[in-house]
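# output the structure for:
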Amino acid sequence: MSPSASAPTAAATQQPSRMAGWLKGQKALVTGASSGIGRAVALALGQAGADVVVNYLSGDDQADAVADEICKNGVKAYRHQADVSKEDDVEKMFARMCETFGTIDILVANAGLQQDSALHAMTLAQWNKVIDVNLTGQFLCARAAVKEFLRRGVVKETSCAAGKIICMSSVHQVIPWAGHVNYASSKGGINMMMRSIAQEVAPKKIRVNAIAPGAIRTNINRVAWETKEAYGKLMTLIPYDRIGEPEEIGKVATWLASDESDYVVGATLFVDGGMTLYPGFASGG
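Numbering: from 1, shown residues only. Here you go, the predicted structure:
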């Protein structure tokens, strides 16, 4: 059995029982939650006691399956189709959530995509699409969430904070990526957007942070890990010598959304097995 086909590690698959109840009574929205990292985050928040809105763009059945799985934890969940790059879609999504759940406590702005191309061949449409979804989409969702956080304020019985926003970034907010200039630029933008919003709203007891995953075992990057040869090449970039699992991002998101991390503000947590340590320099520059 090749490393890429091996089962996830025990650390990755263990149910986050110690996090049970951390988010009890809180209302969460996860964008891009029908698959991959977004799915794992939505499931983890539900396991920790939050009611969850499962945002998605396409694939009703997948989104329904995620919502159904969340409900098995005795909490509420429903799917909501919306394009996060469209202002009207975002406003309607938040209005429905506040009508259905009463408010929002946690936003995980996860929706994102890639449209890869060499720079000289990249079209303006490819540039705009990635920036619109990955960066503008997070701005629109963060803005809507902050409006509700400011309206409601702190409810001490629910959380120490008036609200929590987690922006999903990438190691490519700091690692350049040839052939992916639109994607890397969107992630670099998320870093400064997150920090600027965090600086602005922290006095209102709103916490804004980010997660920057490295190589995670999802379908979007299957080509990088599904064969023994590809997996071996990938490991040259990861000092910890294994790929990450979506559930591990879910655990980090749950911690960041909980009062356990109440003093963490404006931070990016790199969950990358050491990829941002630039392992190519381990044997000298």
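# measure the closest residue to residue 214 other than its chain neighbours to residue 130 for me?
Setting aside the residues directly before and after it, residue 214 is nearest to residue 272 in space (CB to CB, 6 or more residues apart in numbering), at 2.7 Å. (Each C-beta comes from the backbone N, C-alpha and C, glycine too.) Relative to residue 130, residue 272 is positioned 21 Å away (CB to CB, to the nearest Å).
# Three-state assignment for the residue of the chain positioned farthest from its centre, please.
Of all residues in the chain, residue 284 has its C-alpha farthest from the mean position, at 34.1 Å, by CA atoms, centre = their mean. With DSSP: H, G, I helix; E, B strand; the rest coil as the basis, residue 284 sits in coil.
# repeat for residue 209
Three-state call for residue 209 (three-state DSSP): strand.
# now for it: which residues touch it?
Applying CB atoms under 8 Å, 6 or more residues apart in numbering to residue 209 gives the contacts 164-167, 194, 198, 256, 261, 264-269.
# same check on residue 40?
Counting by CB under 8 Å, 6+ apart, residue 40 touches 245, 246, 247, 249, 250.
# same question, residue 136
If you count contacts by CB under 8 Å, 6+ apart, residue 136 has them with residue 85.
# and what of the one 10 residues further on?
Residue 146 makes contact with 163, 165, 197, 201, 206, according to CB under 8 Å, 6+ apart.
# show me where the stretch 151-285 of the chain has strands.
Here the stretch 151-285 of the chain has its strands, by DSSP state E, counting those that start in this stretch, at 163-168, 206-213, 268-271.
# please identify the most buried of the ones you listed.
Of the strands of the stretch 151-285 of the chain, the one with the most neighbours on average (mean count of other CB atoms under 10 Å) is strand 163-168, at a mean of 27.
# rounded mean pLDDT for that one, please.
Throughout strand 163-168, pLDDT has a mean value of 98.
# which residues sit against that strand?
Outside of strand 163-168, the residues within contact range by CB under 8 Å, 6+ apart are 37-38, 104-110, 112, 138, 142, 145-146, 148-149, 152, 190, 193-194, 197, 206-211, 213, 253, 256-257.
# beyond the helix or strand of the chain with the lowest mean pLDDT, next helix or strand please.
Counting by mean pLDDT, DSSP states H and E, the chain has its least confident helix or strand at helix 10-13, which shows a mean of 41. Using DSSP states H and E, the next helix or strand after helix 10-13 towards the C-terminus is strand 27-30.
# where does this protein have low pLDDT?
In the predicted model of the chain, residues 1-17, 285 satisfy pLDDT under 70.
# if you set the cut-off to 50 instead, what comes out?
1-16 (pLDDT under 50).
# grab the longest helix from it for me.
Ranked by residue count, the top helix of the chain under DSSP state H comes out as helix 181-201.
# tell me what it is packed against?
The helices and strands touching helix 181-201, judged by 3 or more CB pairs under 8 Å, 6 or more residues apart in numbering; DSSP states H and E, are helix 124-131, helix 137-152, strand 163-168, strand 206-213.
# quick check: angle from the third one to helix 137-152?
Looking back up the chat, that one is strand 163-168. Angle of strand 163-168 versus helix 137-152, following axes from the mean of the first three to the mean of the last three CA atoms, to 10 degrees, is 170 degrees.
# how about the contacts of residue 209 in JSON lines, adding distance to residue 58?
Formatted as JSON lines, the entries for these read as follows, by distance: CB to CB, whole Å:
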{"residue": "164", "distance to residue 58": "27"}
{"residue": "165", "distance to residue 58": "25"}
{"residue": "166", "distance to residue 58": "23"}
{"residue": "167", "distance to residue 58": "23"}
{"residue": "194", "distance to residue 58": "27"}
{"residue": "198", "distance to residue 58": "31"}
{"residue": "256", "distance to residue 58": "28"}
{"residue": "261", "distance to residue 58": "33"}
{"residue": "264", "distance to residue 58": "34"}
{"residue": "265", "distance to residue 58": "35"}
{"residue": "266", "distance to residue 58": "33"}
{"residue": "267", "distance to residue 58": "32"}
{"residue": "268", "distance to residue 58": "29"}
{"residue": "269", "distance to residue 58": "29"}
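# which one of those residues is nearest to residue 93?
Using CB to CB, residue 165 is the member of the contacts of residue 209 that sits closest to residue 93, with 15.0 Å.
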